[in-house]
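1. Just a sequence and a predicted model for now, questions to come.
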Protein chains: 2
Amino acid sequence: MAGRLGGVAGAGKRAKARPNVTRERILAESARVFNRRGYDATTLDDIARALGVTKAALYYYVENKEDVLYQCHTKALDLATDAVQTALAQTPAPDEQLRIVFRRYIEGMTDQLAGAVVLLYEGALSPALNRRILDRRDAYERMLRGIVEDGIARGIFVPCDSKLVVFAILGALNWIPRWYDAAGPRAATDIATSFAEFFVRGLSTNPSSTTLLRP
Amino acid sequence: MAGRLGGVAGAGKRAKARPNVTRERILAESARVFNRRGYDATTLDDIARALGVTKAALYYYVENKEDVLYQCHTKALDLATDAVQTALAQTPAPDEQLRIVFRRYIEGMTDQLAGAVVLLYEGALSPALNRRILDRRDAYERMLRGIVEDGIARGIFVPCDSKLVVFAILGALNWIPRWYDAAGPRAATDIATSFAEFFVRGLSTNPSSTTLLRP
């Protein structure tokens, strides 16, 4: 698995000058390769090759493969948390809040390719880093459940087990990187609209939309 | 990664007598370990240890790790396909068909722990086996899209991009093994009902249910 590029100058040390690749591109490409091939089967050499840069360029931004995975998770959680905070600040209506949450997250994940790694296997991260990611993920799930429960309490959403509904939605969102193709026929905004309308309609007492498609 | 148990008698050969473990248990436990730890990081030794049997006992039923993964995928696809065929035979109503499909699949996957491995990474299976699984998966997705499109044509479901809706649903279903806990507070039948009602409500022109919970 190791060093198939071999003899990369400066591998293992930080490059002195800022290399011709951004942190964002590294994380996006790493997420893509992890999601396609699996974390364990992927090496830093694979990532460097996919980006067309040297391993030295990677070491300017990341310490090692575990650090890449941790930064990918952090970026995805930043995006998810930001989507919820934006939604809560923009409207008091739970159905509209969920629409904003899903649209912003999906568009961010697809259009910006924001490093949405979705699988956290046991042992891939050190216990301390693993705990940090799980704590942030739990907090995010609690925020989503809070919106659903607020909607139920106000009669906007039908009675449901909010935890199960949030698991269903997160599964659908987390699966997107497994099939999404930036060059495919579906624009990120169409995916975002379809998913948001489908989920909100599934929860709404009186669904306002008569289609799941973009108006 | 290899042979941490070491010196297992008969490893690599088929045991002569039927061992004290069933194919079903091997696939269920393998799926659980693959889903938790990742396919690449898992060895046949890990699976034998998790089952409390010798590697020789495993070799009675499986050729190697790739064969375990292939049999897991086949079993999950058998369950999924059987759910659709049962639904089509039981009712002509697309909404009721989907309820049957989701309930049967989720209950099968959780209660019987029917080897629901959900991730198929590039290179994990040989190209020929990989192709066979992908072809069956495509056929299954087409059947689901067919039910959704039938519902749209008959005015039972709202206009939507059936491919995106099916992707959303499959993501939610495929995610279940990542969080499901057989010893947890939620019965498989409650999960099945909540998911089925949520998806069907999200598609229905005039949702019949007023809750996502089990009546």
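-> Perfect, thanks for sending it. Predicted, not measured: the structure shown is a model, and the values here were computed from it.

2. Can you pull the poorly scored residue ranges out of chain A?
-> A:1-17, A:112-120, A:122 (pLDDT under 70).

3. any idea how far A:N174 is from the residue nearest to A:A188 when sequence neighbours are not counted?
-> Nearest residue to A:A188 in three dimensions, chain neighbours excluded: A:T110, at 3.8 Å (CB to CB, 6 or more residues apart in numbering or on different chains). The C-beta positions use only the backbone N, C-alpha and C, and glycine is treated the same way. Separation of A:T110 from A:N174 (CB to CB, to the nearest Å): 13 Å.

4. now do A:V158
-> For A:V158 relative to A:N174 (CB to CB), the value is 24 Å.

5. hang on, A:D82 packs against A:M109?
-> No. Using CB atoms under 8 Å, A:D82 is not in contact with A:M109, being 11.8 Å away.

6. In terms of neighbours, single out the busier of those two.
-> Counted by other CB atoms under 10 Å in any protein chain shown, A:D82 and A:M109 do not tie: A:M109 has more neighbours, with 28 against 14.

7. Against chain B, how distant is the more buried one?
-> Going from A:M109 to chain B by CB to the nearest CB, to the nearest Å gives 13 Å.

8. contacting residues around that residue?
-> A:76, A:79, A:116, A:173, A:176-177 (CB atoms under 8 Å, 6 or more residues apart in numbering or on different chains).

9. Surely it is in a helix?
-> Yes. Counting by DSSP: H, G, I helix; E, B strand; the rest coil, A:M109 falls inside a helix.

10. just to revisit the earlier point, verify the contact between the residue nearest to A:A188 and A:A182 for me.
-> Yes. Using CB under 8 Å, A:T110 is in contact with A:A182, at 7.1 Å.

11. Comparing these two, which residue is more hemmed in?
-> A:T110 (21 against 11).

12. For that one, give me its contacts.
-> A:176, A:180, A:182, A:188, A:191-192.

13. Just the buried ones out of those residues, please.
-> A:176, A:180, A:188, A:191-192 (16 or more other CB atoms under 10 Å in any protein chain shown).

14. Mind checking which of those residues are in helices?
-> A:176, A:188, A:191-192 (DSSP state H).

15. So which of those is the closest to chain B?
-> Nearest to chain B, judged by CB to the nearest CB, of those is A:I191 at 6.1 Å.

16. Who are the contact partners of that closest one?
-> A:106, A:110, A:176, A:180, B:164.

17. list the contacts for the closest residue to the first one other than its chain neighbours?
-> With CB to CB, 6+ apart as the criterion, A:I106 has its nearest non-adjacent residue at 3.9 Å, and that residue is A:A192. Applying CB under 8 Å, 6+ apart to A:A192 gives the contacts A:102-103, A:106-107, A:110.
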